[in-house]
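In: show me how the following folds:
(2 chains)
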Amino acid sequence: MIEIDRITKIYNGVPAVDAVTMTVESGTITVIVGTSGSGKTTLLRMINRLEEPTSGEVRINGESTLEIKPHLLRRRIGYAIQGHGLFPHHNVARNIGAVPTLLNWPKDKIRARVDELLTLFSMEPAEFRDRFPAELSGGQQQRVGVARALASRPDLLLMDEPFGALDPIIRARAQDDLRRIQRALGSTIVLVSHDMEEAIRLGDRVAVMDGGQLVQHGTPADIIANPATPFVADMVGDMERPLRLLSLVPLAEVVEDGGAPGAALPADGSLRDALSACLWTGRTAVPVEREGALIGRVTLETIRARAGLRA
Amino acid sequence: MKAGAILRPAVILLLLALVLKPEWFTPVFAPLAPEGAPVIYARSSLLSLSLSHLGLVAAATTAATFVSVTLAILVTREAGAAFRPLSRTITNMGQTFPPVAVLALAVPALGFGNGPTLVALFLYGLLPIFENSVTGLSNLPPATMEAARGIGLNRWQRLIQVELPLALPVILTGIRLSVVISLGTATIGSTVAARTLGEVIIAGLLTSNTAYVLQGGLIVGLFAVAVYDALIQLEARIARRSGARKAPR
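Out: Numbering: from 1, shown residues only, chains lettered A, B, ... in the order given. Okay, here's the model as predicted:
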């Protein structure tokens, strides 16, 4: 559990982060969203002390980060950034093994961990281990960057706009990968983004920052349904609120008995996918399947019921 | 590349022949020597002069590299930034002060021989290495530096494992410039009795023997070409290893 306790950073008399208090549960993804200048990156960088807080403190599992030497603290916290920041003169294996090497892991253990991570990120170890960053595509570089951040099984992973430099299709895949890997490893992640779409897609919790203050901290559904300030409502986008709400509801949750014509959707798809399928093919209900077997249907009526405030 | 594959061995063979078997070139130089005067310099072995010449340049460049890179590291740290203009002034002075003047000033202190030449070459070599090291160390990819700090490398580890390796190709360019300048400049050291190939040239000038002048000049020139080429190859190899294989940094 990460406790951020009244943390403040003042630059030239102006607070960039103003007494933010927030708790991050272990094994969850928290996305800090805000516009540029909202203090979101400063908040993130105070967690691993790349910025020293003016006042307040961060506790990781009860232990104050101020009691650990900054570089030793950072070895316990994964860090991935926009534009990956890989070492161009080290190959993929050395890049991923950077933190374990700093922690003096034995060589064979590092090697095994590198291969494990490459496999996890769908990169064939034999093919990629010895390549240099310049020989990888943007998406691959980014995956290696995240793999490096995860290498030492850190208590916490901090990510600063990790997908900012990727094109939309690669970005969506990277987000899915991150979600999948986070579920598999049970990692705790704090991610900074300017993109509410990304926050809703990835976050178990979303924290909205505005002018150095934490204006709302809650589940994605909560943020969409009950924005605390006009700024949050603006970030969510009024017109898209129903669609964003629908995108949070998995079909498995609302599936009902009965049949429907046409192609089936997977049970882990969202109501937004179902609405889209209904509109596109002119159906009023779509069948839902799980691992190839039909388990029921979702009707337009159900979708409509979940798209409003009463949800 | 193709021209290099033929020219490189040709230059090296010609150089070896000029140094080891100068008598082979008697017919070439003979028309330039005055009547009755010796054509080929024989007062001391060209090999030993060459080795001494290269040794002086190597020693001066090593010292200049050590001082310049250390200085560049210091002034590119946050705490040393204030000293950057000062160090730049000092190294610039080293460059603007003519080596001949340095020789003249150093002789009373160090006496005749290799000492004054070492000092002159050292001072003259500082600037290119210092400037390039500062450039190399201050133009590192920001995302890489941020990540290096973020994953927990301390200052020393960042310097040794990230900054110096990434700046190395640029630093090497400075060293190459310095070496080539020094190879030529070292010849004037023989005016104060340093053992360099300048001895051959000066002997030629004193006795109006153009053959000597040409012989000495040719050897020094070919050394400069060969060393320059070798260092370029080394830089390219290191730049490749620095991951600049596809995208330039």
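In: only C-alpha atoms from now on, for both contacts and neighbour counts.
Out: OK.
In: may I see the buried residues of the top helix by length along chain A?
Out: Criterion DSSP state H: the longest helix present in chain A is helix A:168-185. For helix A:168-185, the neighbour count (16 or more other CA atoms under 10 Å in any protein chain shown) marks A:171, A:174-175, A:177-179, A:182 as buried.
In: would you list those in a markdown table and tack on distance to chain B and pLDDT?
Out: Listed next are the buried residues of helix A:168-185 as a markdown table, based on distance: CA to the nearest CA, whole Å; pLDDT from 0 to 100:
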| residue | distance to chain B | pLDDT |
| --- | --- | --- |
| A:171 | 19 | 86 |
| A:174 | 19 | 86 |
| A:175 | 20 | 89 |
| A:177 | 21 | 86 |
| A:178 | 19 | 89 |
| A:179 | 22 | 88 |
| A:182 | 19 | 89 |
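In: which neighbouring elements make contact with the longest helix of chain A?
Out: Applying 3 or more CA pairs under 8 Å, 6 or more residues apart in numbering or on different chains; DSSP states H and E, one finds that helix A:168-185 contacts helix A:138-150, helix A:196-202.
In: so the first one versus helix A:168-185, what angle?
Out: I take that to be helix A:138-150. 30 degrees (axes from the mean of the first three to the mean of the last three CA atoms, to 10 degrees).
In: which strands and helices lie in contact with helix A:138-150?
Out: Judged by 3+ CA pairs under 8 Å, 6+ apart, the packing partners of helix A:138-150 are strand A:77-81, helix A:92-96, helix A:107-120, helix A:168-185.
In: same question, the shortest one
Out: Counting contacts by 3+ CA pairs under 8 Å, 6+ apart, the secondary-structure elements packed against helix A:196-202 are strand A:29-33, helix A:168-185, helix A:230-236, helix A:241-248.
In: quick one: closest of those to residue B:56.
Out: Of all the helices and strands packed on helix A:196-202, helix A:168-185 sits nearest to residue B:56, with 57.4 Å by CA to CA.
In: how far does the closest one sit from the chain's center?
Out: 8 Å (CA atoms, centre = their mean, to the nearest Å).
In: contacting residues around stretch A:34-49?
Out: By CA atoms under 8 Å, 6 or more residues apart in numbering or on different chains, the surrounding residues in contact with stretch A:34-49 are A:9, A:16-17, A:32-33, A:51-53, A:58, A:65, A:70, A:73-74, A:77, A:158, A:160, A:190-195, A:208-213, B:150.
In: as TSV, the helices and strands packed on helix A:168-185 with distance to residue B:48 and mean pLDDT would be great.
Out: Shown next, in TSV, are those (distance: least, CA to CA, whole Å; pLDDT from 0 to 100):
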stretch	distance to residue B:48	mean pLDDT
helix A:138-150	54	89
helix A:196-202	72	88
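In: pick the most deeply packed of those.
Out: Burial of the helices and strands packed on helix A:168-185 is given as mean neighbour count (mean count of other CA atoms under 10 Å in any protein chain shown); helix A:138-150 ranks first at a mean of 24.
In: give me every residue in chain A lying close to chain B.
Out: A:48, A:50, A:70-75, A:77-90, A:99, A:102, A:132-135, A:149 (CA under 8 Å from any CA of the partner chain).
In: buried ones in the helix or strand hosting residue A:277, by neighbour count?
Out: If you go by DSSP states H and E, residue A:277 is part of helix A:271-281. Residues A:271-275, A:277-278 are the ones in helix A:271-281 that count as buried (16+ other CA under 10 Å).
In: residue ranges with poor pLDDT in chain A?
Out: A:309-311 (pLDDT under 70).
In: nearest residue to the middle of chain B?
Out: For chain B, residue B:179 is the residue whose C-alpha lies nearest the centre (CA atoms, centre = their mean; 0.7 Å).
In: enumerate every residue touching that one.
Out: Neighbour list for residue B:179: B:57-58, B:61, B:125 [criterion: CA under 8 Å, 6+ apart].
In: and if you look at residue B:154?
Out: residue A:71.
In: any stretches of chain B with poor pLDDT?
Out: B:1-2, B:242-249.
In: quick one, helices of it?
Out: All helices of chain B, identified by DSSP H, fall at B:2-20, B:26-29, B:46-76, B:84-96, B:99-110, B:114-138, B:142-150, B:155-157, B:164-185, B:198-206, B:210-241.
In: the ones you listed: which one's closest to residue A:23?
Out: Using CA to CA, the helices of chain B put helix B:142-150 closest to residue A:23, at 21.8 Å.
In: buried residues, the closest one. List them.
Out: By 16+ other CA under 10 Å, the buried positions in helix B:142-150 come out as B:143-150.
In: same check, this time on stretch B:36-52
Out: Under 16+ other CA under 10 Å, the buried positions of stretch B:36-52 are B:39-41, B:46-47, B:49-50, B:52.
In: circling back to that earlier point, which residues touch the very next helix or strand once past the longest helix of chain A?
Out: Using DSSP H and E, the next helix or strand after helix A:168-185 towards the C-terminus is strand A:189-193. Strand A:189-193 is touched from outside by A:27-34, A:40-41, A:44, A:156-162, A:182, A:199, with contacts defined as CA under 8 Å, 6+ apart.
In: same deal with stretch B:24-34?
Out: Contacts for stretch B:24-34 (CA under 8 Å, 6+ apart): B:17-18, B:39-40, B:208-212, B:215.
In: please repeat the previous calculation with a cut-off of 10 Å.
Out: In this structure, residues lying in contact with stretch B:24-34 by CA atoms under 10 Å, 6 or more residues apart in numbering or on different chains are B:17-18, B:23, B:37-40, B:204, B:207-215.
In: what's the answer for stretch B:35-45, then?
Out: The contact list for stretch B:35-45, computed with CA under 10 Å, 6+ apart, reads B:19-20, B:22-33, B:195, B:199-201, B:203-204, B:207-213, B:215-216.
In: quick check, central residue of chain A?
Out: residue A:202 (4.4 Å).
In: which residues touch that residue?
Out: A:28-31, A:175-176, A:178-179, A:191, A:196, A:220.
In: nearest to chain B, of those?
Out: residue A:191 (14.5 Å; CA to the nearest CA).
In: look at the closest one and say how many residues are nearby.
Out: 27 (other CA atoms under 10 Å in any protein chain shown).
In: how close does residue B:93 get to residue B:102?
Out: Distance, residue B:93 to residue B:102, by CA to CA, to the nearest Å: 11 Å.
In: shared neighbours of these two, anything?
Out: Joint contacts of residue B:93 and residue B:102 (CA under 10 Å, 6+ apart) are B:123-124.
In: ok, back up a step: in the following helix or strand past the helix holding residue A:277, what counts as buried?
Out: Counting by DSSP H and E, the next helix or strand C-terminal to helix A:271-281 is strand A:285-290. By neighbour count on 16+ other CA under 10 Å, the buried set for strand A:285-290 is A:285-289.
In: for strand A:285-290, packing partners?
Out: Other elements packing on strand A:285-290 under the criterion 3 or more CA pairs under 10 Å, 6 or more residues apart in numbering or on different chains; DSSP states H and E are helix A:251-254, strand A:265-266, helix A:271-281, strand A:293-299, helix A:300-306.
In: I'd like the ones you listed laid out as a markdown table, including distance to residue B:189.
Out: Converted to a markdown table, those look like this (distance: least, CA to CA, whole Å):
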| stretch | distance to residue B:189 |
| --- | --- |
| helix A:251-254 | 87 |
| strand A:265-266 | 84 |
| helix A:271-281 | 83 |
| strand A:293-299 | 91 |
| helix A:300-306 | 90 |
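In: nearest to residue B:86, out of these?
Out: Ranking the helices and strands packed on strand A:285-290 by proximity to residue B:86 (CA to CA) places helix A:271-281 first, at 65.0 Å.
In: can I get stretch B:57-75 as CSV, trimmed to CA atoms?
Out: Extracted in CSV, the C-alpha atoms of stretch B:57-75 (Å, rounded to 0.1, in the frame of the first residue of the first chain):
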residue,chain,number,x,y,z
VAL,B,57,52.8,12.9,-29.2
ALA,B,58,51.3,10.0,-27.4
ALA,B,59,52.5,11.1,-24.0
ALA,B,60,51.3,14.7,-24.5
THR,B,61,47.9,13.6,-25.9
THR,B,62,47.4,11.2,-23.0
ALA,B,63,48.1,13.9,-20.5
ALA,B,64,45.9,16.4,-22.4
THR,B,65,43.1,13.8,-22.6
PHE,B,66,43.3,13.0,-18.9
VAL,B,67,43.2,16.7,-17.9
SER,B,68,40.6,17.8,-20.5
VAL,B,69,38.2,15.0,-19.8
THR,B,70,38.5,15.4,-16.1
LEU,B,71,37.9,19.1,-16.4
ALA,B,72,35.0,18.5,-18.8
ILE,B,73,33.4,16.1,-16.3
LEU,B,74,33.7,18.6,-13.5
VAL,B,75,32.2,21.5,-15.4
